[in-house]
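Participant: here is a sequence with its predicted model. Questions after.
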Amino acid sequence: MAKMAASVVETGEDAFKKIFKFYKRRYPPPDFSDVIDFSKCVTTDKIVPVKLNPAAVSDDDAANVGLHPVKGWRAFNLQGYPGFIFITNPFLRGSQPFWIRQCLKSYPQKPNVCNLDMHMSPADTQDIWAKSVTNLSCASVGKREPRTLLERLRWVTLGYHYNWDSKTYSANHYTPFPPELHLLSSQIATACGFADFTAEAGILNYYRSDSSLGIHVDESELDHSRPLLSFSFGQSAIFLLGGTHRRDAPTAMYMHSGDVMVMSGPSRLLYHAVPRVVPARQEVALVESERGGAQGGAILEQVSAEDWAVCCRYIRSSRINVTVRQVLGQGRSFPPAEDETKRKRRRSSDSPKTEET
């Protein structure tokens with residue numbers, strides 16, 4: 001536990017909640033000196049470099065989805081968190097623009113589901129990008145139009161769509177998972193020792209500068225033996241990784257644009273949260289300059305200058321996080337409807353988390 005954050009925790013209290021509030025605090029701002037920054041590549045008794053298997057994914061396959069060869073990835077374990085792997089930005093220069101554009105332009109499209117569908121008609125959310133692009137492309141001078149639909153996005157679900165009320169997935173609420181995101185996830189998982197990982201569900205969270213993600217455990221998937229993958233783009237964030245109980249004090253770390261986290265094994269069901277988005281002007285400026293650079297394989301289409309101008313405008317004040325999960329185990333299917341109903345009732349007593357997960 002961070003030394004500065006430790007001072008706010010008293011024995012017997014909800015240590016995670018205390019530290020979450022510490023980092024979320026605006027006035028006075030918290031001390032970030034104890035937040036782990038993997039991008040600095042400093043090895044300590046807490047941060048341990050991990051060697052991935054470079055033969056698991058060929059250099060061509062990695063480049064095809066915009067990744068450096070696995071032998072060049074900088075990956076780390078955290079002492080006390082077996083199964084947790086942090087990979088610092090394995091993306092080739094010029095490949096992040098494609099993934100950011102997908103998250104903003106393609107993935108919010110129907111038939112995928114987003115938070116705006118909860119209170120708007122399907123026709124109104126049919127093409128969020130097209131309805132937002134004009135205002136987002138304009139320079140902000142003086143009074144600006146009300147926030148665009150893109151700026152009002154909080155979450156999008158892919159594949160098996162997560163039901164926020166019952167906290168379940170179901171066979172009858174499914175749309176095809178994006179094949180390029182499946183391939184990216186497969187390459188990351190394979191390099192980390194999970195060659196049989198199948199991307200079946202995705203949750204995209206869209207963070208504004210004042211957004212946060214509440215304390216939770218990702219346990220709705222029916223198979224917890226498969227890892228959870230998390231991709232970060234745009235502004236940086238403070239990520240808290242705790243234990244199996246909320247009384248376990250969490251470890252704080254930065255997630256920068258391009259960083260990837262893998263939660264597997266004993267770390268798969270740990271409490272975690274994002275209390276704060278933090279400015280990352282230099283990192284985002286570097287990403288903004290990447291359009292037109294090395295694109296990797298044929299999967300990564302060139303992002304037009306017009307599209308990238310909108311994406312840049314967005315990430316200057318926002319962050320995108322993509323979590324990819326395997327819902328079902330190998331050869332398994334969803335339980336019968338009556339069992340699923342019982343499962344929903346069991347979970348219905350839990351209060352909803354924030355709109356982001």
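Facilitator: Here it is on my side, so go on.

Participant: how about the strands of this structure, start to end?
Facilitator: 47-49, 74-78, 84-88, 113-114, 155-159, 201-207, 213-216, 228-234, 236-241, 251-255, 260-263, 272-278, 319-325 (DSSP state E).

Participant: pipe the ones you listed into TSV and attach mean pLDDT per row.
Facilitator: Shown next, in TSV, are the strands of the chain (pLDDT from 0 to 100):
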stretch	mean pLDDT
strand 47-49	92
strand 74-78	95
strand 84-88	97
strand 113-114	94
strand 155-159	96
strand 201-207	96
strand 213-216	94
strand 228-234	97
strand 236-241	97
strand 251-255	96
strand 260-263	98
strand 272-278	96
strand 319-325	97
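
Participant: so for residue 169, which of those strands sits nearest?
Facilitator: Comparing the strands of the chain by their distance to residue 169 (Cβ to Cβ), the top pick is strand 201-207, with 6.2 Å. (C-beta placed from N, C-alpha, C; glycine too.)

Participant: what about the nearest residue to residue 223 once chain neighbours are set aside, neighbour count?
Facilitator: Closest residue to residue 223 apart from its sequence neighbours, by Cβ to Cβ, 6 or more residues apart in numbering: residue 329 at 3.6 Å. When neighbours are counted by other Cβ atoms under 10 Å, residue 329 registers 14.

Participant: mind listing residues that contact stretch 49-67?
Facilitator: Residues outside stretch 49-67 that contact it (Cβ atoms under 8 Å, 6 or more residues apart in numbering) are 43, 68-71, 73-77, 85, 90-92, 94-96, 98-99, 180, 183-184, 187-188, 190-193, 195, 295-300.

Participant: and that stretch, how far out from the chain's middle?
Facilitator: Mean-position distance between stretch 49-67 and its chain equals 20 Å (Cα atoms, centre = their mean, to the nearest Å).

Participant: show me what counts as buried in it.
Facilitator: Judged by neighbour count (16 or more other Cβ atoms under 10 Å), stretch 49-67 contains these buried residues: 52, 56, 57, 61, 62, 63, 64, 65, 66, 67.

Participant: so of the contacts of stretch 49-67, which ones are in helices?
Facilitator: Those of the contacts of stretch 49-67 mapping onto helices are 96, 98, 99, 180, 183, 184, 187, 188, 190, 191, per DSSP state H.

Participant: I'd say the second one and residue 303 touch.
Facilitator: Looking back up the chat, that one is residue 98. Yes: between residue 98 and residue 303 there is a contact at 5.9 Å, judged by Cβ atoms under 8 Å.

Participant: buried set for stretch 326-337?
Facilitator: Neighbour counts over stretch 326-337 (16+ other Cβ under 10 Å) mark 326, 327, 328, 334 as buried.

Participant: stretch 105-114 now?
Facilitator: Buried residues in stretch 105-114, defined by neighbour count with 16+ other Cβ under 10 Å: 105, 107, 108, 112, 113, 114.

Participant: which of the residues you listed lies closest to residue 224?
Facilitator: Nearest to residue 224 among the buried residues of stretch 105-114, counting by Cβ to Cβ, is residue 113 at 23.6 Å.

Participant: who's that closest one bridged to?
Facilitator: Applying DSSP bridges to residue 113 gives these bridge partners: residue 157.

Participant: tell me which residues touch it, please.
Facilitator: Residues counted as contacts of residue 113 (Cβ under 8 Å, 6+ apart) are 156, 157, 161, 175.

Participant: pLDDT score for the third one?
Facilitator: Okay, so that is residue 161. Note on residue 161: pLDDT of 93.
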